[in-house]
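Participant: need coordinates for the following:
(chains A and B)
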Amino acid sequence: MTCEETGILLHALIDDELDAGHAHTIESHVASCPRCASQLRDYRRVRQALSAPAMRYPASTDLRARIEGALPPARAAAAPSRRSLLKGFAAGGMMSAAIAASLVVVVVRQEADQRILGDAVSAHLRALQGDHLIDVASTDQHTVKPWFNGKLDVAPPVVDLTPQGFALIGGRLDYLDGRPVAAIVYKRRAHVINLFVAPASAQAAGSERGAMAALQGFNVWRWAFSDLRFVAVSDINAEELQEFGDRLEASVKSGS
Amino acid sequence: MAVVAAGDDADRTRRFRDAALPHLDDVYTVARYMLRSAADADDAVQECYLRAFRHFDGFRGEAIKPWLLAILRNVCHAEFARRSGLLAVGGQADVAEDASPLWQEETHTAETELLRREDAERLRGLVAALPDPFREAIVLRDINDLSYRDIARVTGAPVGTVMSRIARARGMLREAWLKPEPEEPCGERHEETCK
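Facilitator: Below is the predicted model:
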């Protein structure tokens, strides 16, 4: 076999695309031809360098969130746990179906809530780690509020809490549980508070008292009022976030 | 009835996410190399995933990565080619007419930075400078690890063409990346190291 004939097949050899017979022919030519051997070495170096992880571009978390947010929500993943729970009740035979059913509702509801809180913490982290904390930078509530017009199917209340020590710095569009929500950004000293405002789902409509939770090292405050749900996430201490929540509640209620 | 339908929808979404989202970085990497812009790649990949989701019912269990990449390719051609002028429709870019030089001046990197990282940066630049069909073939093969047959499926070119494009691409990269260093006489570029 000549060098010319070998040429392109060197690449097929490197790429493991040759059958055993051809591979053997090329290999024996290379063994006796320094020029082709040196080419093969070079091409292998190129191939190896190209396959290094540093050559890849990972997709941003923002893009991932945009794509996930654009897909309809997938609830099926939670199904097995619900089913196995029901099976347990049935097998035990200790509870009536009615009680089991109401328990399932509670379990499912908590799963959804937990997921939203987890989503809120992730969104908070994403916003802090990337450079995408705010789309509209303004300390003026009358600039931030209209910015959301047409971007969401609700008009989130934007209240300025600067006099109360929580400075409004802007807003952005974010995603919770696969749905677009308003994220309103406040600052307390050097700490950022992300306040997410989303329309309440049909079955979860109704008011709910403000409550605190801690998740992954962050404090989370949640509240539902008329047809809106609020979730605030921050690394400020629980007392301060509670104060933020109380102030916000008072403002929103008096404004509505 | 509505409940069953909603369950099916949710199940479809979940199947799509489980199958397609793990390949997001692969698809994005190809988009970045083909479009040479982060913002364009973001838009193209998002559109690609939405189209893929819409057509997911037509997807029949073959390998999903080439399927996604073929959709990405359509998106790039349909929506971005004319605007950016970077992609040759039908992969007919003329090598001779490609103005961008293969060899680009090295960007100065801090001495503390790892050599390997510097290498990768330089190499990314060299890959980006390859003419479209060669860049596409080599990105799919060496960076994204697709077989010749899958590359043929994604690009619509025969396997023989794929093979020769890969050979050309590696040849050009070898010239640009490996050759200048040991063989070139000391020019300005190497002044510091050769003193």
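
Participant: near chain B, which residues of chain A show up?
Facilitator: Residues of chain A lying near chain B by C-beta under 8 Å from any C-beta of the partner chain: A:7-8, A:10-12, A:15, A:17, A:39, A:42-43, A:45-47, A:49-52, A:54-60, A:62-64, A:66-68, A:70-77. Quick note: C-beta positions are derived from backbone N, CA and C, even for glycine.

Participant: filter those down to the buried ones.
Facilitator: A:8, A:10-12, A:15, A:17, A:39, A:42-43, A:46-47, A:49-50, A:55-57, A:59-60, A:62-64, A:66-68, A:71, A:73-76 (16 or more other C-beta atoms under 10 Å in any protein chain shown).

Participant: of these, which belong to helices?
Facilitator: Using DSSP state H, the subset of those located in helices is A:8, A:10-12, A:39, A:42-43, A:46-47, A:49-50, A:62-64, A:66-68.

Participant: so which residues make contact with stretch A:26-35?
Facilitator: A:1, A:3, A:6, A:9-10, A:13, A:18, A:36-37, A:40 (C-beta atoms under 8 Å, 6 or more residues apart in numbering or on different chains).

Participant: quick one: the strands in chain B?
Facilitator: Applying DSSP state E to chain B gives no strands.

Participant: cool, and the stretch 1-150 of chain A?
Facilitator: A:136-137 (DSSP state E, counting those that start in this stretch).

Participant: for it, which residues score under the pLDDT cut-off?
Facilitator: A:74-112, A:130-131 (pLDDT under 70).

Participant: how about 90 then?
Facilitator: Scanning the stretch 1-150 of chain A for pLDDT under 90 picks out A:1-9, A:16-26, A:49, A:51-54, A:61, A:68-150.

Participant: what distance do you get for B:Tyr49 to B:Arg14?
Facilitator: 15 Å (C-beta to C-beta, to the nearest Å).

Participant: got it, and B:Asp57?
Facilitator: When B:Asp57 is compared with B:Arg14 (using C-beta to C-beta), they lie 14 Å apart.

Participant: ditto for B:Gly58
Facilitator: Distance from B:Gly58 to B:Arg14, counting by C-beta to C-beta: 18 Å.

Participant: who has more neighbours out of those two?
Facilitator: B:Arg14 (18 against 7; other C-beta atoms under 10 Å in any protein chain shown).

Participant: quick one, what contacts residue 23?
Facilitator: No chain in the question, so chain A it is. A:Leu13.

Participant: oops, chain B please
Facilitator: B:64-65, B:68.

Participant: compare these and tell me which is most surrounded.
Facilitator: B:Leu68 (24 neighbours).

Participant: any idea how far it lies from A:Ile193?
Facilitator: 38 Å.

Participant: and the next helix or strand past the one helix or strand A:Tyr186 maps to?
Facilitator: Using DSSP states H and E, A:Tyr186 maps to strand A:179-188. Tracing the chain past strand A:179-188, the next element assigned as helix or strand by DSSP H and E is strand A:191-199.

Participant: domains of chain A?
Facilitator: A:3-54, A:80-255 (automatic domain parsing).

Participant: do the same with chain B
Facilitator: If you go by automatic domain parsing, chain B breaks into B:1-87, B:93-186.

Participant: where along the chain do the helices fall?
Facilitator: Let's take chain A. A:3-14, A:20-32, A:34-50, A:61-70, A:79-92, A:97-129, A:141-147, A:238-255.

Participant: switch to chain B, that's the one I care about
Facilitator: Using DSSP H, helices in chain B cover B:2-20, B:24-35, B:38-54, B:64-75, B:81-84, B:115-128, B:132-138, B:148-155, B:159-173, B:180-183, B:191-194.

Participant: in JSON lines, list these along with mean pLDDT and distance to chain A.
Facilitator: Below are those laid out as JSON lines (pLDDT from 0 to 100; distance: least, C-beta to the nearest C-beta, whole Å):
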{"stretch": "helix B:2-20", "mean pLDDT": "72", "distance to chain A": "4"}
{"stretch": "helix B:24-35", "mean pLDDT": "94", "distance to chain A": "4"}
{"stretch": "helix B:38-54", "mean pLDDT": "91", "distance to chain A": "5"}
{"stretch": "helix B:64-75", "mean pLDDT": "92", "distance to chain A": "12"}
{"stretch": "helix B:81-84", "mean pLDDT": "55", "distance to chain A": "17"}
{"stretch": "helix B:115-128", "mean pLDDT": "80", "distance to chain A": "4"}
{"stretch": "helix B:132-138", "mean pLDDT": "93", "distance to chain A": "7"}
{"stretch": "helix B:148-155", "mean pLDDT": "91", "distance to chain A": "5"}
{"stretch": "helix B:159-173", "mean pLDDT": "91", "distance to chain A": "5"}
{"stretch": "helix B:180-183", "mean pLDDT": "50", "distance to chain A": "11"}
{"stretch": "helix B:191-194", "mean pLDDT": "39", "distance to chain A": "20"}
